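Undergrad: What follows is a protein structure lacking sequence information:
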């Protein structure tokens, strides 16, 4: 899916209440970052004094050419800091690829994962700080002094889900040998375009990981926790997989509301459909809602937004104990995204 149908352009009736003082968002990369742009646009439109804490997935992280690359952290950081390539949705604006080309000329692998010349600076700083003994959370805070504090006035905090090393691997059938093997998620997504048969998703190290500094507090102290239309398996799913985070969501006094990234029978962007099929979850807005579950039934959500095209699923979803509403979910611009965030907040007020 890439374009919303024309009939989806209607705007839902929105509350005039400003967003609350503290919002916590569990975010993956591109979809989460665009959702966060909507959060900040809503705050801007209302004039509210709202603080936003982002707990970002780090299980996509990978070491490339000796550098620590954190795709979801960087996508959120660059997007909210006005440094993202808006056409791709990831990487730096006005990027060049001379280092990538030179490495390829030497035959240095992996050739399928390219680091842009401007982007490399971020990874160099991150790697040097990690080598000096700083945890990822402290490194991220230092990087955000440039990207978030200057642009967003210090009202956005970006927290890694954990300081510990967690890497998502996908068990696939190798397209050349036909043999079953586990590859890093980035290889499955970038090299194989999520088009090879996959059999399991394995977040290595997650059982031993601890929530990053401030993560549990951000969930406990929030007025509302938002789950954007990020991948429910390898983005939100890995955040929830860090011991202690799922329990924190169940125990917080804040309502928890999510937004479906599935419209109809497919994802809007990425590879959620393929990975939901791997873990045996129905590829639908209702299927993902049931996968997350209602807090009243031991799950993690109180509310769930679906697209207007999935309005027929509202009764099924409310039957699981969730509040549910159908509204336009296509994030066509910042204001459309802000309207979606407003609808999410209205659902649990």
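TA: Perfect, thanks for sending it. No experiment lies behind these values; they were computed from the predicted model shown.
Undergrad: Tell me the helices and strands packed up against the helix or strand bottoming out on mean pLDDT in the chain.
TA: Least confident helix or strand of the chain, by mean pLDDT, DSSP states H and E, is helix 150-152 with a mean of 84. Contact partners of helix 150-152 among helices and strands, from 3 or more Cβ pairs under 8 Å, 6 or more residues apart in numbering; DSSP states H and E: none. C-beta coordinates here come from the backbone N, C-alpha and C atoms, glycine included.
Undergrad: Report the buried residues of it.
TA: Neighbour-count burial for helix 150-152 flags residue 152 (criterion: 16 or more other Cβ atoms under 10 Å).
Undergrad: cool, stretch 117-135 as well?
TA: Quick answer for stretch 117-135 (16+ other Cβ under 10 Å): 118-120, 122-123, 126-127, 129-130, 134-135.
Undergrad: remind me which residues of the stretch 201-349 of the chain are low pLDDT?
TA: For the stretch 201-349 of the chain, applying pLDDT under 70 flags no range at all.
Undergrad: What segments of it are strands?
TA: 224-227, 256-259, 262-263, 266-267, 303-306, 323-326 (DSSP state E, counting those that start in this stretch).
Undergrad: Output these as JSON lines; include the columns distance to residue 294 and mean neighbour count.
TA: Formatted as JSON lines, the strands of the stretch 201-349 of the chain follow (distance: least, Cβ to Cβ, whole Å; neighbours: other Cβ atoms under 10 Å):
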{"stretch": "strand 224-227", "distance to residue 294": "13", "mean neighbour count": "27"}
{"stretch": "strand 256-259", "distance to residue 294": "10", "mean neighbour count": "26"}
{"stretch": "strand 262-263", "distance to residue 294": "18", "mean neighbour count": "25"}
{"stretch": "strand 266-267", "distance to residue 294": "23", "mean neighbour count": "18"}
{"stretch": "strand 303-306", "distance to residue 294": "9", "mean neighbour count": "28"}
{"stretch": "strand 323-326", "distance to residue 294": "9", "mean neighbour count": "20"}
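Undergrad: Need those in a markdown table (columns: distance to residue 174).
TA: Output for those, formatted as a markdown table (distance: least, Cβ to Cβ, whole Å):
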| stretch | distance to residue 174 |
| --- | --- |
| strand 224-227 | 34 |
| strand 256-259 | 35 |
| strand 262-263 | 29 |
| strand 266-267 | 24 |
| strand 303-306 | 37 |
| strand 323-326 | 41 |
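Undergrad: Nearest to residue 186, out of these?
TA: strand 266-267 (17.9 Å; Cβ to Cβ).
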